[in-house]
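> give the three-dimensional model of this entry:
(chains A, B, C and D)
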4 protein chains.
Amino acid sequence: MKALTYHAPKDIRFESIPDAKVTKPHAALVRVRACGICGSDLHIYQGHGFSDDVGFCIGHEAVGEIVEIGASVETLKVGDEVMISAAVGCGRCAACRAGDAVRCTNNATGCYGLSHALPGCQAEAVMVPHADQNAAIIPDGLSHEQALMLTDNLPTAYLGALNADIRPGGTVAVVGLGPIGLMAVEIAFVLGASRVFAVDLVAERRAMAERLGAVALPPGDERAVLKELTQGLLADSVVEAVGADATLKLALGLAGKQGTVSTIGVNQTKQFPFPMALAFNKGLTFRTSLCSVVKHWPELVPMVRNGRLKPEQFISHRMPLSGGAHAYALFNDRRDGAMKMVLTC
Amino acid sequence: MKALTYHAPKDIRFESIPDAKVTKPHAALVRVRACGICGSDLHIYQGHGFSDDVGFCIGHEAVGEIVEIGASVETLKVGDEVMISAAVGCGRCAACRAGDAVRCTNNATGCYGLSHALPGCQAEAVMVPHADQNAAIIPDGLSHEQALMLTDNLPTAYLGALNADIRPGGTVAVVGLGPIGLMAVEIAFVLGASRVFAVDLVAERRAMAERLGAVALPPGDERAVLKELTQGLLADSVVEAVGADATLKLALGLAGKQGTVSTIGVNQTKQFPFPMALAFNKGLTFRTSLCSVVKHWPELVPMVRNGRLKPEQFISHRMPLSGGAHAYALFNDRRDGAMKMVLTC
Amino acid sequence: MKALTYHAPKDIRFESIPDAKVTKPHAALVRVRACGICGSDLHIYQGHGFSDDVGFCIGHEAVGEIVEIGASVETLKVGDEVMISAAVGCGRCAACRAGDAVRCTNNATGCYGLSHALPGCQAEAVMVPHADQNAAIIPDGLSHEQALMLTDNLPTAYLGALNADIRPGGTVAVVGLGPIGLMAVEIAFVLGASRVFAVDLVAERRAMAERLGAVALPPGDERAVLKELTQGLLADSVVEAVGADATLKLALGLAGKQGTVSTIGVNQTKQFPFPMALAFNKGLTFRTSLCSVVKHWPELVPMVRNGRLKPEQFISHRMPLSGGAHAYALFNDRRDGAMKMVLTC
Amino acid sequence: MKALTYHAPKDIRFESIPDAKVTKPHAALVRVRACGICGSDLHIYQGHGFSDDVGFCIGHEAVGEIVEIGASVETLKVGDEVMISAAVGCGRCAACRAGDAVRCTNNATGCYGLSHALPGCQAEAVMVPHADQNAAIIPDGLSHEQALMLTDNLPTAYLGALNADIRPGGTVAVVGLGPIGLMAVEIAFVLGASRVFAVDLVAERRAMAERLGAVALPPGDERAVLKELTQGLLADSVVEAVGADATLKLALGLAGKQGTVSTIGVNQTKQFPFPMALAFNKGLTFRTSLCSVVKHWPELVPMVRNGRLKPEQFISHRMPLSGGAHAYALFNDRRDGAMKMVLTC
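Residues are numbered from 1 along each chain as shown, chains lettered A, B, ... in the order given. This next block holds a predicted model:
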């Protein structure tokens, strides 16, 4: 079958790989209809991925049709259109059965497309282990594109917002306005924020946040302006959706007394210079997170279905899987207004 | 001074009473600019009030100007425009100092205008005990009418909604679409509800709820239609904002498994026939509440200031205090589209 | 195989019934080693059970050894010693997979031994549907008797205590000191209660509660004494573990301002005379509950393993399954200090 | 009057300073009966305090008798025996009135004895600003020593434990077994911990923790042993009660997946090398905190009164105020089993 594979930094290829297949009784084979490129795929693209492998199929966001199921699969059947959770656990422990793969007590938390261990889904087909746990029929009323956003990005943004302790009436700042950051802006309002402040270097992205109701802060002067607009109180909740040390530092500075900073953006720094004195004086809470995806579907599905969240609005490009290399380049360089990239096959 | 007084069922008079004055060092005298008629004032108007007194000044919602303060008042000064909490406690215990008058450990929780004990504020002036605790300068950016809604109705609706355990993505039903019920509809969305269903016998009120984004249920057929629209799940959260036994019974029927029913409407039934078997099978939570008002200002003020809640939209009539008797009659009879009645002086 | 069956009020028989067997791929057959008689079994024994069936095998608490598994069972194997959840759901929906059978969205929440629909486990063997979800290997360090208490009673008492909003430093009252009520006393302390007050008509049971650290209230004078001992504040949290109207009424009276009353005892009254006026004046929360069992194992297992909870201390009798009819009689009549009855086979 | 003053590192003097007096209507003068030396006083003693002042009166923990009150004080009178909150705010904003001084919106959060700004209470008398907010009559049933522990140490330990998200059944590690760390051990059990692991270099302190029910981890090998004892899961909650970079690093390593690390020990490092990659992989929450003291009295007073917490057991020395310099030296050098040092006058 055809798939996108990673070979070297900035070298993504559309090529043939061995067919995905069902090898265990609990697995299912899904014919991919649409897959997304995630911000964390860019870590791989840029050459600082999560393994030393090369030649593996990349991608962890997909929707498609079940074409084969193992003997033990109970809740799915051939022909079902499904959305696949990016997060995968052992599928057997209590945490995994509860849809909370990142708490897997068998230490089997994983993800598609990070290495050869679990092939990715930027491909014509993908094998889903423990399909009963890790995939679900696309709920009535949801489009394939909405469902695709539920496989990773929207739950990740949602958890990031929850982790920021956003409360009714609260003041929120979101640092980094890629697809997940913009979703966090939208979610902050759904969680009752009275004001959301938006931070990004790219004017176009700040403008998108303002269309969602946020107030953009001027680059380079974020803290001073936020302080002024909040009578010195700064933000109750800060969501950092980049993952760089500089944005993390900025995020910590935007938080007010007893505030919470939630970082979504994957940051693999070994020794980030954390300002303890500042954190103490403010009484900060700082949260990192990996998202279990499935756990958040019961809340997110009705919000998308009823139009409270419109994650599909952040899709900027729809391209064929064969054009994947180009899509990666556009997204990586933020060219052509690239936001969420969707590949179809 | 002039004031509205209660004499007998449907007998509200605009007449002279002794001037309000500051009698304790912690008290303040407020020249009333605007006051509201609350649904619970109708209990008094209809003759089943909270005491046997007659001739007392009625009303517990007001904003106005400080014209005199006692020697111990610290946070207010003459000339300040203030909003007054309808709930009043001892002002001294830990609960009262925290703005949580209904938990007053000295059992001094009270309210203006229920008897001669604490004269009401549908008057030219009102004495506010423990003014530092029980009143606050109207925050910048809030109109007097918005502030007036913060003295009782909006906090009451907000607590009622919180008590219904409304969660992101949840399904909510609101029974009774007077001003507080409609505010509960608006608040339900702010708390993340994916869908809000609205119940009232009056078509015009259901139409108002639909303009707020709710789905109205047909009178007499509420449960069946809700069941159909929710695939049998019914509502996660139900807010009952009437206080009658019939609406309470309906509310309990609209709740789904593990649901919560929150009743705001004052119900003084001694033996309400509670359906225990039903409650058990559903695993229901049932909550009553009295609202401490001040406690909720930190969350509500920014929501009103930033337009997330627009409680002033529910004001239907603005009349002079001298026309109070007429205002009561309109509100009681639901004539002329009477919703929130505001009296000015 | 041999089993206990229900035929008529006070007519429990030890007799032969058809062998239990594995009929579905997800099911397992468990050779029962020990089973318990639950307070709710007495509803059946007394003739006001949950169906009109007769001749069915009764009982819903058991531990034992897996002797056969269906082809789809993943986490269990023949020879495993397991504890079986009394609550059973569809096993497939998201709620059931998360161990929350009472929220089963397929409305399949059930229990062993209430009718012929799902045969009981006071038998030599029992078929466990969806065994991966509804049973678990007895954790290391737990005795069979401890595990047996985890199949229903302890999780039920725990949920009842959680539902009473027991908080650190809080004052708790427990009404009804059968096995579950006594467990609730023990749990209240684990949840941080500063004082626990215990109510029962039987002096011996009050003495047991006092040995757990509670203060017993004198029968007939509970409210007055509680009021005096709490300087008028009464209890923050009340757990009702009987299910009778009289004890429910008492429980509501023992709650203080903004208190919570949680009822565990199954009450099937159609029209319980609920004191709305009292509830309003206090601002009460009232919660009923059915327990999902499996959901609470991750918290309860370590508490039992490390001796923070000792549910096995409430076992008063250990008898052979063949003596089941006698065990029922003793328990029903509260004879011979009957508390938790365990039958072995 | 006589007082302890700070002059230079390790130079604490018992000398005469101007008499404390009531200078504002809301203030009270307290004749100190007992005061404590806090771990954070050692920061000053060691020369890295919170200001450049010298010659100021030190100390922020005291109980004593009201000897004079300002005209606006309502809840206290001359002769009352009171406990004084170490944390002081403006006394006027909503947060301060609610006993939450560290959220003071007037940015007036402060503490006694850090500089000349607010003289300390290791003195014969101390002036308490906004005495209604910042002091309270010692509750019935509490000794003066118990009350003294409520002025700072116990609330600080309690908040530190709450901030660690300790849950029923959870596994807790406490790093640093000074008085606050040991109190955190005791509190962890009250909050439902199933197991508490204790870390300190001093064998005697580890032995004290074991007497409280904890399991001590061997110095230098803490993480490996914890991992083994928890089957690889490590701790759900970690309380760090030292404030050094090394202990903070250790604490982060002891936390398991989705764990929370709460640091109580004041750490003024500008750039602590925070292990972001580790935090991400674990999904950690990290919390710092300053304690509002008064806010936690409603929960802590009943726990102390009813013997659930026994903070007075950590008092190792009782000495006269005149011996303060010696007491500081003992505490600083951990000599003679120095734990909590209490000075009387």
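
> for the rest of this, base every contact and every neighbour count on C-alpha atoms.
OK.

> am I right that A:Ala277 is in a helix?
Yes - under DSSP: H, G, I helix; E, B strand; the rest coil, A:Ala277 falls within a helix.

> tell me who's in contact with it.
D:267-270 (CA atoms under 8 Å, 6 or more residues apart in numbering or on different chains).

> excluding covalently adjacent residues, which one is nearest to the closest residue to chain D within the stretch 101-250 of chain A?
Minimum separation of the stretch 101-250 of chain A from chain D (CA to the nearest CA) falls at A:Arg103, amounting to 6.5 Å. Counting by CA to CA, 6 or more residues apart in numbering or on different chains, A:Ala95 is the residue found nearest to A:Arg103 once chain neighbours are left out, at 5.8 Å.

> helix or strand: which one has that neighbour?
Using DSSP states H and E, A:Ala95 sits within helix A:94-97.

> so the nearest residue to A:Glu312 once chain neighbours are set aside, which of the three states?
Closest residue in space to A:Glu312, ignoring its immediate chain neighbours: A:Gln146 at 5.5 Å, by CA to CA, 6+ apart. Three-state call for A:Gln146 (three-state DSSP): helix.

> which residues touch the helix holding A:Ala95?
A:89-91, A:101-105, A:133, C:97-99.

> thinking again about what came up before, count of neighbours near the residue of the stretch 101-250 of chain A closest to chain D?
Counted with other CA atoms under 10 Å in any protein chain shown, residues neighbouring A:Arg103 total 24.

> the strand or helix carrying A:Glu210 near chain B anywhere?
A:Glu210 is located in helix A:203-211, with elements delineated by DSSP H and E. No - using CA under 8 Å from any CA of the partner chain, helix A:203-211 stays clear of chain B, with a minimum separation of 14.4 Å.

> list the buried ones in that helix?
Neighbour-count burial for helix A:203-211, counted by 16 or more other CA atoms under 10 Å in any protein chain shown, picks out A:205-210.

> so which of the residues you listed would you say is closest to chain B?
Using CA to the nearest CA, the buried residues of helix A:203-211 come closest to chain B at A:Glu210, 14.4 Å.

> test my guess that the closest one contacts A:Ala216.
Yes - look at A:Glu210 against A:Ala216 with CA atoms under 8 Å: they come within range, at 6.4 Å.

> give me the common contacts of the two.
Common neighbours of A:Glu210 and A:Ala216 (CA under 8 Å, 6+ apart) are A:Ala198.

> pLDDT score assigned to A:Ser194?
Looking at A:Ser194, its pLDDT is 98.

> ok, now A:Ser316?
On the pLDDT scale, A:Ser316 gets 97.

> how close does it get to chain B?
According to CA to the nearest CA, to the nearest Å, A:Ser316 and chain B sit 26 Å apart.

> give the rounded mean pLDDT of the helix holding A:Glu210.
Per-residue scores along helix A:203-211 average to 97.

> just stretch A:269-283 next, same as before
When pLDDT is averaged over stretch A:269-283, the result is 94.

> just stretch A:245-262 next, same as before
So the average pLDDT for stretch A:245-262 ends up being 97.

> what does stretch A:131-138 give?
Stretch A:131-138 comes out at a mean pLDDT of 96.

> for stretch A:325-335, same thing?
pLDDT averaged over stretch A:325-335 gives 96.

> list the buried residues of it.
Quick answer for stretch A:325-335 (16+ other CA under 10 Å): A:325, A:327-332.

> what residues does it touch?
Here stretch A:325-335 has contacts from A:4, A:10-14, A:37, A:42, A:45, A:319, A:336, A:338-341, using CA under 8 Å, 6+ apart.

> do you know how far the spatially most central residue of chain A is from A:Ser40?
Nearest to the mean C-alpha position of chain A, by CA atoms, centre = their mean, lies A:Asn153 at 2.9 Å. Using CA to CA, to the nearest Å, A:Asn153 is found at 10 Å from A:Ser40.

> A:Val342 too?
15 Å.

> chain B contacts on the stretch 51-200 of chain A?
Residues of the stretch 51-200 of chain A lying close to chain B by CA under 8 Å from any CA are A:168-170, A:189-195.

> what about these, which are in strands?
A:Arg195 (DSSP state E).

> as JSON lines, the residues of the stretch 51-200 of chain A next to chain B with neighbour count and distance to chain C would be great.
Below are those laid out as JSON lines (neighbours: other CA atoms under 10 Å in any protein chain shown; distance: CA to the nearest CA, whole Å):
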{"residue": "A:Pro168", "neighbour count": "23", "distance to chain C": "22"}
{"residue": "A:Gly169", "neighbour count": "27", "distance to chain C": "24"}
{"residue": "A:Gly170", "neighbour count": "23", "distance to chain C": "26"}
{"residue": "A:Phe189", "neighbour count": "29", "distance to chain C": "27"}
{"residue": "A:Val190", "neighbour count": "22", "distance to chain C": "24"}
{"residue": "A:Leu191", "neighbour count": "25", "distance to chain C": "23"}
{"residue": "A:Gly192", "neighbour count": "24", "distance to chain C": "24"}
{"residue": "A:Ala193", "neighbour count": "27", "distance to chain C": "27"}
{"residue": "A:Ser194", "neighbour count": "27", "distance to chain C": "28"}
{"residue": "A:Arg195", "neighbour count": "25", "distance to chain C": "32"}
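
> reformat the residues of the stretch 51-200 of chain A next to chain B as TSV; add distance to D:Thr109.
Putting those into TSV (distance: CA to CA, whole Å) gives the following:
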residue	distance to D:Thr109
A:Pro168	25
A:Gly169	23
A:Gly170	21
A:Phe189	31
A:Val190	33
A:Leu191	30
A:Gly192	28
A:Ala193	26
A:Ser194	26
A:Arg195	26
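
> show me the residues of the stretch 51-200 of chain A next to chain B that map onto helices.
Cross-referencing those against helices under DSSP state H gives A:189-190.

> now chain A against chain C: closest residue?
Counting by CA to the nearest CA, chain A gets nearest chain C through A:Ala98, at 3.6 Å.

> residue numbers of the stretch 51-200 of chain A in contact with chain C?
Contact residues (CA under 8 Å from any CA) of the stretch 51-200 of chain A with chain C: A:71-72, A:74-75, A:92, A:94-95, A:97-99.

> buried subset of those, written for ChimeraX?
In ChimeraX, a selection of the buried entries from those looks like this (16+ other CA under 10 Å):
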select /A:72,74,92,94,95,97,98,99
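
> what's the most distant pair in the residues of the stretch 51-200 of chain A next to chain C?
A:Ala71 and A:Ala95 (23.1 Å; CA to CA).

> and A:Cys345, how far from A:Ile69?
Applying CA to CA to A:Cys345 and A:Ile69 gives a distance of 21 Å.

> show me which of these two is the more surrounded one.
Between A:Cys345 and A:Ile69, A:Ile69 has the larger neighbour count (other CA under 10 Å), namely 24 against 18.

> list the backbone torsions phi and psi for the closest residue to the more buried one other than its chain neighbours.
Using CA to CA, 6+ apart and skipping the chain neighbours, the partner closest in space to A:Ile69 is A:Ala28 (4.3 Å). With angles defined as degrees, to the nearest 10, A:Ala28 sits at phi -130, psi 150.

> chain D contacts on chain A?
Residues of chain A lying near chain D by CA under 8 Å from any CA: A:103, A:105, A:233, A:257-258, A:266-290.

> in ChimeraX, how would I select the buried members of the residues you listed?
To isolate the buried ones among the residues of chain A next to chain D in ChimeraX, judged by 16+ other CA under 10 Å, type:
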select /A:103,105,233,257,258,266,267,268,269,272,273,274,275,276,277,278,279,280,281,282,283,284,285,286,287,288,289,290
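
> quick one: which of the residues of chain A next to chain D sit in strands?
A:257-258, A:272-274, A:285-288.

> which single one of the residues you listed is nearest to A:Gly113?
A:Thr288 (22.1 Å).

> which residues sit against stretch A:176-191?
A:153-154, A:156-158, A:160-161, A:166-168, A:172, A:174-175, A:195-196, A:198-200, A:205-206, A:208-209, A:212, A:214, A:239-242, A:247, A:308-309, A:311, A:314, A:339-340, B:168, B:189-192.
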